[in-house]
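Novice: what follows is a predicted structure for the sequence shown.
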Amino acid sequence: MDQTVVDLSRLQFAATAMYHFLFVPLTLGLSFMMAIMESVYVMTGREIWRKMTLFWGTLFGINFAMGVATGIVMEFQFGMNWSYYSHYVGDVFGAPLAIEGLMAFFLEATFIGLFFFGWDKLSKVGHLVVTWLVALGANLSALWILVANGWMQFPVGSTFNPDTMRMEVTNFMEVIFNPVAQAKFVHTVSAGYVTGAVFVLGISAIFLLQKKHRDLAIRSMVVASSFGLAAALSVVVLGDESGYVATEHQKMKIAALEAMYHTEEAPAGLSIVAFPRADGTVWELKVPWVLGLITTRSFDTQLPGIDDLVVHAEQRIRDGLVAYEAVEVLKTDRQNEEARAAIAETWPDLGYALLLKQYRTDIENATDAEIAQAALDTVPDVWPLFWTFRLMVAIGFFYIAFFALAFWKASRGTIEKHKWFLYAAVVTLPLPWLAAEAGWLIAEYGRQPWAIEGVLPTFYAASGLTVLDLVLSITFYVAIYTTLLVIMVILMVKAIKAGPKDYLAILNGEAEPEEVEPKAMPKPSAAPAE
């Protein structure tokens, strides 16, 4: 496979995936806050809470439409750009995607229609149930996508079938309850809740600075600050759990995140600042013990460094060659029991042997130097992972303090008096998206060189496209996605400017913005005394 084709295929998928994930977190966060606001409306009967639900629901709907449009393209790319991946692991990977489409997506899409058009056709409680089902559908969509992605990080519940020459499901419950998938799910949705809360705070702060829609803004800030504080705390706690699970199943990723080339005595220290170098030497500012306690939750469990993990990978490559040679025998002699026994024992290392395909086709004749180089290929780029991880963590801790302050001020009714805080809420709006994109970069880039951890190398999974094919498709996607982004921004800005009243009429051009919230009539002057 031409490495340029592989790199362009990776670039295209990375661009579309990270673009798609601009919309997912906001969908997750807004869906639950809409449900909370409507719950208050049903309990109190106060019209302002209904207007709040409608207003934030409009922004949710625009964002959801963009998420759907960009997400569908990603699923098609598995067949177009990663055809061998689809063939080799489609039996496992396709099932969660199908369930997501059939159950979660249709649930969410159906009830979104009822949310917008059912206000006058459903009872208050009935419409509230619909809104909560919208939120449930959004989170179920995330669950099944992350089950699929979690399997890519830790491929459990499956085995290599020598008869079909591909990976197949052996225990679907293990796939669903994969510890990596479950940890990723709770961490990802919590990050989405933070994103939604930051968005509501930021837009509400704009209203207060403009002295518009005060009732909506103040109440929205109360909901967003309390919801956001709980979410920010859970992101850090669940992120710790995600790191612990990764230590169990993706040791190389953890070592790269910490630029830890050499195995340290337990418990390992945590690098706050470091400057990794290719030869493995670094300058670093380290806090003793912290890394070992976080990743292993013990004082005596050793965390392996990159150098030791490369040695381990080299041994797995040699073991994988035994499985590869047995597979080659089965291609001509399907009944060879000795080959089947060899595969049954060594198939978990078959993917490591495939790393040699980057250097030669007859990998059974690979030299020691080629095996050593393939083992080095299991090390992802350390520098971008190291700093991206620290950026994500810094933003996470920042939002704990930010929401704690917002909650304190909102609960005391003084939040609108502090303009500096309102400006801060607006300026920091992009940060949760930056943290979310950083998290996905860590998850996916940190897994390299694997499409499926330890099972299928990325370069081996790509389709046999040409460079021209990929250049044209990337250009097409960039043009279409840029157009969609411009349209979405225009619609979002229009809805925000319209405010909480008659928003549907304004978006449809049936009313002018000034009709939404008419200016108060001047008070009549007192009649002159006679």
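Specialist: Yes, it's here.

Novice: run through the residues that contact the residue nearest to A404 when sequence neighbours are not counted.
Specialist: Nearest in space to A404, with sequence neighbours left out and distances taken as Cβ to Cβ, 6 or more residues apart in numbering, is L229 at 5.9 Å. (Glycine included, C-beta is placed from N, CA and C.) Neighbour list for L229: 400, 403-404, 406-407 [criterion: Cβ atoms under 8 Å, 6 or more residues apart in numbering].

Novice: restricted to strands, list the residues you listed.
Specialist: Among the contacts of L229, no member is found in strands (DSSP state E).

Novice: tell me the buried residues within those residues.
Specialist: Among the contacts of L229, those buried by neighbour count (16 or more other Cβ atoms under 10 Å) are 400, 403, 406-407.

Novice: now, which of those sits nearest V198?
Specialist: Checking those against V198 by Cβ to Cβ gives F403 as the nearest, at 8.6 Å.

Novice: that closest one contacts V223, doesn't it?
Specialist: No: applying Cβ atoms under 8 Å, one finds F403 not in contact with V223, separated by 11.9 Å.

Novice: secondary structure class for S271?
Specialist: strand (DSSP: H, G, I helix; E, B strand; the rest coil).

Novice: the residue lying closest to it once chain neighbours are set aside: neighbouring residues, count only.
Specialist: Distances taken as Cβ to Cβ, 6+ apart place E284 nearest to S271, at 4.6 Å, with adjacent residues excluded. By other Cβ atoms under 10 Å, the residues close to E284 number 17.

Novice: quick check: domain ranges of this structure?
Specialist: 14-250+382-446+481-503, 306-376 (automatic domain parsing).

Novice: how far is the lengthiest helix in the chain from where the chain is centred?
Specialist: As assigned by DSSP state H, the longest helix anywhere in the chain is helix 214-249. Here helix 214-249 is found 15 Å from its chain centre; the criterion is Cα atoms, centre = their mean, to the nearest Å.

Novice: next, the buried residues of that helix.
Specialist: 216-235, 238-239, 242-247, 249.

Novice: need the next SSE after it, C-terminal direction.
Specialist: helix 251-257 (DSSP states H and E).

Novice: list the buried residues of that next one.
Specialist: In helix 251-257, counting by 16+ other Cβ under 10 Å, buried: 251-257.

Novice: rewinding a little: mean neighbour count, the domains of the chain: which tops it?
Specialist: When you average the neighbours per residue for each of the domains of the chain (mean count of other Cβ atoms under 10 Å), domain 14-250+382-446+481-503 leads with a mean of 19.

Novice: quick one: mean pLDDT for that domain?
Specialist: Averaging pLDDT along domain 14-250+382-446+481-503 gives 92.

Novice: just the strands in this structure please.
Specialist: Using DSSP E, strands in the chain cover 158-161, 166-169, 270-275, 283-287, 450-452, 456-457.

Novice: partner strands of the longest one, parallel or antiparallel?
Specialist: I take that to be strand 270-275. Strand 270-275 sits in its sheet next to strand 283-287 (antiparallel), going by DSSP bridges.

Novice: in the partner strand, what's buried?
Specialist: 284, 286.

Novice: how far does it sit from the chain's center?
Specialist: On Cα atoms, centre = their mean, the centre of strand 283-287 falls 29 Å from the chain's centre.

Novice: next up, the contacts around the nearest residue to M167 once chain neighbours are set aside.
Specialist: Excluding the flanking residues, the one nearest M167 by Cβ to Cβ, 6+ apart is V89, at 4.7 Å. The contact partners of V89, taken as Cβ under 8 Å, 6+ apart, are 155, 158, 166-167, 452, 455-456.
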